[in-house]
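In: Sharing a sequence plus its predicted fold:
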Amino acid sequence: MALNRLIEILEQMEAAHKRMLELGEQKKTAIMANDVDRVIVINNQESKIVKMIGALDQERTEAAFSFMQAMGIKSNLNLKLSELTRLVFDVEDKARLVDVQHRLATILQKLKSLNDINQQLTEQSLTFINLSIDLLVGTPTDSHTYTHPASTSTGYRNQGFYNARG
């Protein structure tokens, strides 16, 4: 009974992580299309799912403790799933637990990889935006202290693209 509840929670976590993977793919497309509004909507959806995953993880911990107590273990150890599988002696139940553990681990690895790609894309976008702003506005070549205009070779500093004299 307690093992079935644990497997059910793990399957719910798997579904939630699959949804996060789908949203991550949508976010990647939105970042590449420079669709900021869509990225914001996706981030809001991801936040809701992250909260749900946190609640499911708490339920998973409680279900694992219930399972351990049902097996006669009175410890409050926070065992990993691989350690819990050693406590399951029924072949079918063990196979179900190992299967859901494997599926969840696979999804989490894909999600991590996708998040790394999205982070790199976001950083590249920000770098491009900063470069574009620097080209339009110009970067100060001197410090923020006063410099007499006659001390520069042209008599004025380049203030950027819009302020350049030609």
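Out: Yep, it's here.
In: how about stretch 83-96: buried residues?
Out: Neighbour-count burial for stretch 83-96 flags 84, 87-88, 94, 96 (criterion: 16 or more other C-beta atoms under 10 Å). Yep, even glycine has a C-beta here, placed from its N, CA and C like the rest.
In: Could you identify the most distant pair in the residues you listed?
Out: 87 and 96 (14.0 Å; C-beta to C-beta).
In: Residue 135 sits in which helix or strand?
Out: Element membership for residue 135 (DSSP states H and E) is helix 91-137.
In: Quick check: mean pLDDT of that helix?
Out: If you average the pLDDT over helix 91-137, you get 91.
In: gap between residue 84 and residue 19?
Out: 25 Å (C-beta to C-beta, to the nearest Å).
In: hang on, the earlier thing: quick one: distance of the helix holding residue 135 to the chain centre.
Out: 6 Å (C-alpha atoms, centre = their mean, to the nearest Å).
In: same question, stretch 55-73
Out: With C-alpha atoms, centre = their mean, you get 27 Å for stretch 55-73.
In: Just give me the neighbour total for the closest residue to residue 66 other than its chain neighbours.
Out: Nearest non-adjacent residue to residue 66, counting by C-beta to C-beta, 6 or more residues apart in numbering: residue 2, 4.3 Å away. Number of residues near residue 2 (other C-beta atoms under 10 Å) recorded here: 16.
In: next one: residue 129
Out: When neighbours are counted by other C-beta under 10 Å, residue 129 comes out with 11.
In: Quick check: it vs residue 115, distance?
Out: Counting by C-beta to C-beta, the gap from residue 129 to residue 115 is 21 Å.
In: go on, residue 86?
Out: 31 Å.
In: Take stretch 40-58, keep the C-alpha atoms, and write them as PDB.
Out: The C-alpha trace of stretch 40-58 is given here as PDB (Å, rounded to 0.1, in the frame of the first residue of the first chain):
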ATOM      1  CA  ILE A  40       7.700  35.600 -19.600                       C
ATOM      2  CA  VAL A  41       4.500  33.500 -20.000                       C
ATOM      3  CA  ILE A  42       6.600  30.300 -20.000                       C
ATOM      4  CA  ASN A  43       8.500  31.400 -16.900                       C
ATOM      5  CA  ASN A  44       5.300  32.000 -15.100                       C
ATOM      6  CA  GLN A  45       4.000  28.500 -16.100                       C
ATOM      7  CA  GLU A  46       7.300  27.000 -15.000                       C
ATOM      8  CA  SER A  47       7.100  28.700 -11.600                       C
ATOM      9  CA  LYS A  48       3.700  27.100 -11.000                       C
ATOM     10  CA  ILE A  49       5.000  23.700 -11.900                       C
ATOM     11  CA  VAL A  50       8.100  24.100  -9.700                       C
ATOM     12  CA  LYS A  51       5.900  24.800  -6.700                       C
ATOM     13  CA  MET A  52       3.900  21.700  -7.600                       C
ATOM     14  CA  ILE A  53       7.000  19.600  -7.900                       C
ATOM     15  CA  GLY A  54       8.100  20.900  -4.400                       C
ATOM     16  CA  ALA A  55       4.900  19.800  -2.900                       C
ATOM     17  CA  LEU A  56       5.100  16.400  -4.600                       C
ATOM     18  CA  ASP A  57       8.700  16.000  -3.300                       C
ATOM     19  CA  GLN A  58       7.400  16.600   0.200                       C
END
